[in-house]
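Q: Kindly return the folded structure for what I paste below:
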Amino acid sequence: MPRADTIDQALQRFDSGELFAELARRVAYPTESHLEQGRPHLRAYLTDELTPALAELGCTTRVVENSVAPECPLLLATRHEAGDRPTVLLYGHGDVVNGEAPRWRAGLDPWTLTAEGERWYGRGSADNKGQHTVNLFALREVLRGRGRLGFNLAVLIETGEERGSPGLVEACAQLRDELRADVLIASDGPRVRADRPTLYLGSRGVTQFTLTVDVRPRDHHSGNWGGVLRNAATTLAAAITSLVDGQGRILVPGLRPPAIPGSVRAALKTVPVGGGADDPAVDEDWGEPGLTPAERLFGWNTVEVLAFLAGSPASPVNAIPGHAQATLQLRSVVGTDLAGLATAVRNHLAEHGFGVVEVAVTESRPPTRTDPDHPWVRWAAESVGRTTGAEPVLLPNLGGTIPNDAFAEVLGVPTIWLPHSYPACAQHAPDEHVLAPLTREAVAIMTGLYWDLGEKS
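A: Have a look, this model is predicted:
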């Protein structure tokens with residue numbers, strides 16, 4: 001069956017409600033990885049739901065135990081057609097954030113997929129069950145239309161992504177031979193806008209660190225001691241403004257990235273930022289001067305203050321805080337020296353008279369980015385454009401963070417992500433949903449892409 005007919009067949013099956021029924025069945029699994037009660041459902045989702053679906057694709061499957069978080073197993077599936085054909089790696093995650101049923105709008109339930117107009121509501125509909133359901137659906141349509149995929153397939157589904165993917169890096173190292181692939185093609189996160197098919201090639205890294213000022217074991221009366229005792233909160237606030245100024249510009253050389261590569265700058269030239277009905281207005285005077293909003297969001301580093309605690313904010317008293325602590329976050333792009341972050345911050349603070357401030361890195365995930373000029377990237381963008389009739393948005397990396405380092409660094413494969421949700425999907429919030437027209441277009445895009453992959457020489 002030709003490419004166009006296979007896409008038409010996939011869309012007919014979508015219109016018949018076949019994909020909706022599959023997603024409804026998957027949403028019904030309350031796979032809340034943060035909660036004890038959700039953990040038995042994580043394994044059941046892999047064994048009872050996804051294993052039969054992957055067997056239908058002719059895959060050999062097995063559950064892989066998680067060496068770091070045993071309650072969050074993984075599923076490995078492989079289909080080998082020929083040694084001279086390319087191998088694609090598909091990734092997804094079956095866990096979801098907490099359902100929070102009481103916070104959903106009347107008539108909606110997180111574990112029941114509900115269609116209202118163009119919206120399909122349900123926990124996991126956008127993140128990530130809906131996205132890997134689209135991809136498995138498209139693979140099945142190509143197999144039906146051609147009688148074979150035309151390429152080799154490896155699938156890895158984890159169940160701990162919403163907890164930071166504990167054990168994923170270790171699993172990829174353990175399964176390196178079985179996950180050997182020419183390219184990762186996966187789906188997670190949102191498009192830049194609902195109407196703009198998007199490819200992104202990695203993500204900014206995220207490093208969280210704390211700044212602590214402990215100058216005395218208790219607070220002291222501000223009238224009796226103000227002017228002669230160091231205020232921990234004032235000291236910490238000043239220390240923070242020595243790291244990042246009042247306009248969001250990073251002042252520590254060790255926290256700044258290298259210059260934006262030409263290929264990245266070119267890719268970001270036409271990328272929109274915001275503009276959706278539910279999006280906040282972009283502050284044009286915030287962040288690194290001389291950069292466009294897209295360059296600041298996707299091509300540069302940012303230091304954010306996430307929390308600041310001193311004294312008793314809920315009921316202030318006339319006392320000089322002896323202790324203050326802030327949690328900061330660095331979102332970083334490729335080329336940033338994360339290993340030297342703590343040392344760079346400590347040295348900078350000491351040089352500016354803030355040696356009293358203690359610095360501790362609490363967690364870190366590195367940035368990743370496939371070169372926008374990579375042949376696989378050009379091929380994927382051409383395939384999407386062929387299906388949609390328009391050039392897709394190409395992001396060198398997300399502004400947020402996904403566990404792409406497991407694939408880009410541990411497995412060493414080029415990574416291409418095609419998201420099937422949109423920014424206002426209420427991911428991680430009550431009333432999470434996907435848009436039916438966007439999902440339908442995603443079916444066409446992925447069916448066309450997998451068809452083209454089978455034709456690739």
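Q: Would you give the sheet partners of the helix or strand harbouring Val206, along with the direction of each?
A: Applying DSSP states H and E as the criterion places Val206 in strand 205-214. When pairing is defined by DSSP bridges, strand 205-214 lines up against strand 323-332 (antiparallel), strand 358-365 (antiparallel).
Q: among the ones you listed, which is nearest Glu158?
A: Nearest to Glu158, of all the strands paired with strand 205-214, is strand 358-365, at 14.5 Å by Cβ to Cβ. Using the backbone N, CA and C atoms, a C-beta is placed for each residue, glycine as well.
Q: coming back round to it: tell me how far the strand holding Val206 lies from the chain's centre.
A: Taking Cα atoms, centre = their mean, to the nearest Å, one finds the center of strand 205-214 at 21 Å from the center of the full chain.
Q: Show me what secondary structure element comes after that strand.
A: Sequence order places strand 220-221 as the next helix or strand after strand 205-214, per DSSP H and E.
Q: Any idea how many residues pack against Pro258?
A: 10 (other Cβ atoms under 10 Å).
Q: ok, it - contacts?
A: Pro258 makes contacts with Gly335, as judged by Cβ atoms under 8 Å, 6 or more residues apart in numbering.
Q: burial count for His220?
A: Counted with other Cβ under 10 Å, residues neighbouring His220 total 17.
Q: My guess is it contacts Leu229. True?
A: Yes. Using Cβ atoms under 8 Å, His220 is in contact with Leu229, at 5.9 Å.
Q: Quickly list what's touching both of these two.
A: Common neighbours of His220 and Leu229 (Cβ under 8 Å, 6+ apart) are Ile320.
Q: who touches stretch 238-255?
A: 211, 213, 256, 285-289, 301-303, 305, 308, 326, 328, 330, 336-337, 340-341, 343-345, 347-349, 352, 354, 357.
Q: Ok, stretch 45-53 next?
A: 22, 25-26, 29, 31, 61, 63, 73-75, 77, 94, 136, 157, 159.
Q: does Gly353 sit in a helix, a strand or a coil?
A: Under the three-state scheme (DSSP: H, G, I helix; E, B strand; the rest coil), the conformation of Gly353 reads as coil.
Q: what sits against it?
A: Not one residue lies near Gly353 by Cβ under 8 Å, 6+ apart.
Q: got a pLDDT number for it?
A: Gly353 carries a pLDDT value of 97.
Q: give me every residue that touches the residue most central in space within the chain.
A: Nearest to the centroid of the C-alpha atoms of the chain, with distances taken as Cα atoms, centre = their mean, sits Ile402, at 3.4 Å. If a contact means Cβ under 8 Å, 6+ apart, then Ile402 has 188-189, 203, 417 as its contacts.
Q: and Arg180, how many neighbours?
A: Residues lying near Arg180 (other Cβ under 10 Å) number 14.
Q: can you give me the strands in the stretch 1-150 of the chain?
A: Taking DSSP state E, counting those that start in this stretch as the criterion, the stretch 1-150 of the chain carries its strands at 60-64, 74-79, 87-93, 114-116, 119-121.
Q: so where is the stretch 151-300 of the chain shaky, pLDDT-wise?
A: Applying pLDDT under 70 to the stretch 151-300 of the chain flags no residue at all.
Q: Val64 - nearest residue in space that isn't next to it in sequence?
A: Spatial nearest neighbour of Val64, chain neighbours left out: Leu74 (4.4 Å); criterion: Cβ to Cβ, 6 or more residues apart in numbering.
Q: for the contacts of Ile402, which one is nearest Glu81?
A: Trp417 (24.0 Å).
Q: how close does that closest one sit to Gln208?
A: Distance, Trp417 to Gln208, by Cβ to Cβ, to the nearest Å: 23 Å.
Q: Same check on Ala28?
A: 34 Å.
Q: Those two: who's more crowded?
A: For the pair Ala28 and Gln208, the greater number of neighbours falls to Ala28 (19 against 16), based on other Cβ under 10 Å.
Q: Find me whatever residue is spatially closest to that one, sequence neighbours aside.
A: Trp111 (5.4 Å).
Q: Is the one you found in contact with Arg25, as I believe?
A: No. Counting by Cβ under 8 Å, Arg25 is not a contact partner of Trp111; they are 11.0 Å apart.
Q: Widest-spaced pair of the contacts of Ile402?
A: Pairwise over the contacts of Ile402, using Cβ to Cβ, the maximum falls at Asp188 and Ser203, 9.6 Å.
Q: circling back: out of the strands paired with strand 205-214, nearest to Leu42?
A: Nearest of the strands paired with strand 205-214 (Cβ to Cβ): strand 358-365, 21.4 Å.
Q: Mind giving me the packing neighbours of the very next helix or strand once past the closest one?
A: Downstream of strand 358-365, the next assigned helix or strand under DSSP H and E is strand 368-369. Judged by 3 or more Cβ pairs under 8 Å, 6 or more residues apart in numbering; DSSP states H and E, strand 368-369 is in contact with strand 202-203.
Q: Just the pLDDT at the residue lying closest to Ala408 once chain neighbours are set aside, thanks.
A: Among residues not flanking Ala408 along the chain, Thr368 sits closest, at 4.1 Å (Cβ to Cβ, 6+ apart). For Thr368, the pLDDT comes out at 97.
Q: Any idea how many residues pack against Thr368?
A: 24.
Q: Please tell me I have it right and it contacts Pro403.
A: No. Assessed by Cβ under 8 Å, Thr368 is found out of contact with Pro403, at 9.5 Å.
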